[in-house]
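[1] Here's my sequence, what's the structure:
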Amino acid sequence: MPVKKVVTSEKLPIKLWLDQVDAGAMEQAKNLANLPFIFRHVALMPDTHQGYGMPIGGVIATEDMVIPNAVGVDIGCGMGAVQTSLTEISPDNLKLVLSAIRHKVPLGFKHHRRPQDRDLMPRPPAPLPELPVVAEEYHNALYQLGTLGGGNHFIEIQKGSDGHIWLMVHSGSRNLGFKVANYYNRLAGALNRQEGSRIPPGWQLAYLPIASPVGQSYLHEMSYCVDFAYANRALMINRIKEALQEVLGQVAFAPVINIAHNYAALEEHYGKRVIVHRKGATRALAGEIGIIPGSQGTPSYLVRGRGNPESFSSCSHGAGRKMGRKQAQRQLDLEQEKKRLDQQGIIHAVRSARDLDEAAGAYKEIDQVISDQLDLVEVLVELRPLAVIKG
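    So this is what the prediction gives:
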């Protein structure tokens, strides 16, 4: 299925892989399409919805500039998944595994009581004194390594269409990425004002030249956050493996699939070296394995990228929200959402109205999201949730 729609009213085209996009996200996409350093076009994935400055589910390529808000505040947030040798797991054992996971992986705002091994931390791309935010937050990050966080982050145990039980984690760079994002977004805004930038501050698209010292500093600190988020997921997956083996004995595991969906990277597209920003979007190079998670109680998908140049070799990062958190808590029916999960036999995390912000009803239909991007990815394995732990 090709691009669903192309908007040509702005300086550069906006290519959409969805039928409808909310007005706020479209306004943000139009702002992006009118930036002087955007390359070729703006791409909106099927899970697109409004974010800060740039839509979540948006992909852009820039020439010589990087936009902190086009990466987002949870730098390096992404997915980790691993196939186990198990083909079945009983509900009683599932509950025991979940209990063991909760003892090993701090959830929500909780951190470890003791710092984790420094050897598990990524190696900085530059000396720490040249990374002001990372240097300041490094000690705190030792307590956050291997922790889930809150919001839409989750741990799931799933049954794959390949017959195997799978483990999946969605998490990011914790407070480290948040601090880096805000620090450089503020710095970019101040510099743009000093230079008399014509880009309206209300667009929330302050930028940094990548050749400048501050641009290089952001790229280095952002890169560290991506690596930290990767290490964070890897450690959690190791702890989840331990929990599974404590309950079930010897279990074998395939190599971990670990991908990010909030970052910027120097890549070649249409014969030019550009900075590709993926905000709530996953790289999908030809043959590359990726993960597109659903919402709580809906399937997730293991996919293989097709390397479509029109999306800058990208795909969606998930189902995408169709209503805001507060709106979901006000409008969704608690009993109906619980019934939807209970009828599937899923051990879930919906307990009260405050949990409705992460209920399936707050998200787009994952099957439609997948259908809308079959020119971007090929589906390999469908993963149906058996049990969910939310941050």
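
[2] ok, residue 56 touching residue 319?
    No - using Cβ atoms under 8 Å, residue 56 is not in contact with residue 319; the gap is 11.5 Å. For glycine as for every other residue, the C-beta is placed from the backbone atoms N, C-alpha and C.

[3] shared neighbours of those two, anything?
    Residues touching both residue 56 and residue 319 (Cβ atoms under 8 Å, 6 or more residues apart in numbering) are residue 47.

[4] Need the distance between the two termini of stretch 314-331.
    The separation between the terminal residues of stretch 314-331, taken as Cα to Cα, to the nearest Å, is 33 Å.

[5] That stretch - what's its average pLDDT?
    Averaged over stretch 314-331, pLDDT sits at 87.

[6] low-confidence ranges in the stretch 1-150 of the chain?
    For the stretch 1-150 of the chain, the stretches flagged by pLDDT under 70 are 1.

[7] so who does residue 311 touch?
    Shown in contact with residue 311 (Cβ under 8 Å, 6+ apart): 15, 17, 43, 45, 59, 284, 373, 376.

[8] From the residues you listed, pick the one nearest residue 201.
    residue 59 (23.6 Å; Cβ to Cβ).

[9] For the closest one, grab the count of nearby residues.
    By other Cβ atoms under 10 Å, 31 other residues sit near residue 59.

[10] surely it meets residue 312?
    Yes - using Cβ under 8 Å, residue 59 makes contact with residue 312 at a distance of 5.2 Å.

[11] list residues touching both of the two?
    43, 276.

[12] Okay, now stretch 167-178: how far is its last residue from its first?
    Terminal residues of stretch 167-178 lie 26 Å apart, using Cα to Cα.

[13] mean confidence for that stretch?
    97.

[14] now that stretch, how far from the centre of its chain.
    Counting by Cα atoms, centre = their mean, to the nearest Å, stretch 167-178 is centred 8 Å from the centre of its parent chain.

[15] returning to that earlier point: sitting in strands, which of the contacts of residue 311 do you find?
    Members of those lying in strands (criterion: DSSP state E): 15, 43, 45, 59.

[16] a markdown table for those residues, including distance to residue 277?
    Conversion of those to a markdown table gives the following (distance: Cβ to Cβ, whole Å):
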| residue | distance to residue 277 |
| --- | --- |
| 15 | 15 |
| 43 | 10 |
| 45 | 13 |
| 59 | 7 |
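
[17] Among those, the buried ones, what's the ChimeraX command?
    For the buried members of these, the matching ChimeraX selection, counting by 16 or more other Cβ atoms under 10 Å, is:
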select :15,43,45,59
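
[18] tell me the average confidence for the lengthiest helix in the chain?
    When the chain is parsed with DSSP state H, its longest helix is helix 213-248. Across helix 213-248, pLDDT averages out at 97.

[19] can you check stretch 263-278 too?
    Mean pLDDT, stretch 263-278: 98.

[20] how far does it sit from the chain's center?
    What separates the centre of stretch 263-278 from the centre of its chain is 18 Å, taken as Cα atoms, centre = their mean.

[21] what's the first-to-last distance across it?
    Stretch 263-278 has an end-to-end distance of 6 Å (Cα to Cα).

[22] List the contacts of it.
    Under the contact criterion Cβ under 8 Å, 6+ apart, stretch 263-278 has outside partners 39-40, 54, 58-67, 70-71, 75-76, 210, 219, 222, 226, 261-262, 283, 309, 312-314, 317.

[23] now do stretch 102-119
    Stretch 102-119 is contacted from outside by 139, 142-150, 155, 235-236, 239-240, 242-243, 389-391, using Cβ under 8 Å, 6+ apart.

[24] What subset of the residues you listed is buried?
    142-149, 155, 235-236, 239-240, 243, 389-391.

[25] Okay, helices next: where are they in this protein?
    23-33, 91-104, 132-144, 174-194, 213-248, 325-331, 334-343, 366-371.

[26] between the ones you listed, which one is nearest to residue 206?
    Closest to residue 206 of the helices of the chain, according to Cβ to Cβ: helix 174-194, at 3.6 Å.

[27] contacting residues for residue 96?
    Neighbour list for residue 96: residue 247 [criterion: Cβ under 8 Å, 6+ apart].

[28] wait, residue 7
    Residue 7 makes contact with 13, 14, 16, 26, 29, 30, 33 under the criterion Cβ under 8 Å, 6+ apart.

[29] what two of those residues are the furthest from one another?
    Within the contacts of residue 7, 13 and 26 form the most distant pair, 13.3 Å apart (Cβ to Cβ).

[30] ok, which pair from the contacts of residue 311 is furthest apart?
    Across the contacts of residue 311 (Cβ to Cβ), the longest gap, 14.8 Å, separates 15 and 284.

[31] if we can go back for a sec, from the ones in strands among the contacts of residue 311, pick the one nearest residue 182.
    Closest to residue 182, out of all of these and judged by Cβ to Cβ, is residue 59, at 22.4 Å.

[32] Enumerate every residue touching the closest one.
    If you count contacts by Cβ under 8 Å, 6+ apart, residue 59 has them with 42, 43, 44, 45, 276, 277, 278, 279, 281, 311, 312, 314.

[33] and it, what are its bridge partners?
    With DSSP bridges applied, residue 59 shows beta-bridge pairing to residue 43, residue 278.
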